[in-house]
Each structure stands twice: as C-alpha cells, then as structure tokens.
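> Based on what follows, work out the 3D shape:
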Amino acid sequence: MKRKAVYPGTFDPITNGHVDLVRRAASIFETLIVAVAANPNKAPMFPVDKRVEMARAVLADVPNAQVVGYSDLTIEFAKNQGCQC
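From the prediction side, this is the model:
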C-alpha cells in the first residue's frame, strides 16, 4: 500500500522549520504533497504562484515531495489527491 500524505499551509514564505518538517515527513511517506493554500481570508506577502515556486526551489532535492497550489477546502484537496494522511 502506498502511503500518501498532505502537508497544507500558506508557506508565506516557506521557512527552515517548514523544510525540516517536509524532510522528516518525506522519510515516513512514499509521497508527500506540500499543499500551498491560496486563502482569500489572509493577506499574504507573496502570491500563491510565487510561494509554490519558492517551495519547489527549496525542496528540489526531496524527490518524493510534490509542491502544489490549491484554493479549495483542504479536506477536498486531500481527497482529490488520494492522500491517506
């Protein structure tokens, strides 16, 4: 069974703490989706596409981590991605 997890957040911007958690989770799960939220209730410093770009650059050496932007409910996003965790 392939274990797939989602790590949602605004990542505005992505920090060393976020990166540490991604690296730890990537060692546990076969696939880790770093889900960058476009939350209309927040005023982010960077637009979602720039936050996705920054996260992808920082996490490029984590082969089983995928960075994806999303704007729907987190639970719906996780279900659509087939995440178990």
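
> Tell me which residues of stretch 40-54 come out buried.
Of all the residues in stretch 40-54, those buried under the rule 16 or more other CB atoms under 10 Å are 44, 46, 48, 51-52, 54. Backbone N, C-alpha and C define where each C-beta goes, glycine included.

> Skipping adjacent residues, who's closest to residue 19 in space?
Distances taken as CB to CB, 6 or more residues apart in numbering place residue 58 nearest to residue 19, at 5.9 Å, with adjacent residues excluded.

> That neighbour reaches residue 14, doesn't it?
Yes: with the criterion set as CB atoms under 8 Å, residue 58 and residue 14 qualify as a contacting pair; they are 5.6 Å apart.

> So the residue most central in space within the chain, which state does it fall into?
Residue closest to the mean C-alpha point of the chain, counted by CA atoms, centre = their mean, is residue 34 at 1.4 Å. Three states are possible here, and by DSSP: H, G, I helix; E, B strand; the rest coil the one that applies to residue 34 is strand.

> and the residue nearest to residue 19, how many neighbours does it have?
Each residue near residue 58 was counted by other CB atoms under 10 Å, and the total is 20.

> how near is it to residue 29?
18 Å (CB to CB, to the nearest Å).

> who touches the residue nearest to the centre of the chain in this structure?
Residue 34 makes contacts with 7, 9, 11, 22, 55, 59, 65-68, as judged by CB atoms under 8 Å, 6 or more residues apart in numbering.

> Excluding sequence neighbours, find me the nearest residue to it.
Closest residue in space to residue 34, ignoring its immediate chain neighbours: residue 67 at 4.6 Å, by CB to CB, 6+ apart.

> So that neighbour belongs to a strand, correct?
Yes: residue assignment for residue 67, taken from three-state DSSP, places it within a strand.

> Where does the prediction get shaky in the protein?
Confidence mapping of the chain against pLDDT under 70 gives the ranges 1.

> repeat that for 80
Counting by pLDDT under 80, the low-confidence segments of the chain come to 1-2, 40.

> Could I get the full set of helices for it?
Under the criterion DSSP state H, the chain carries helices at the ranges 16-26, 48-58, 74-81.
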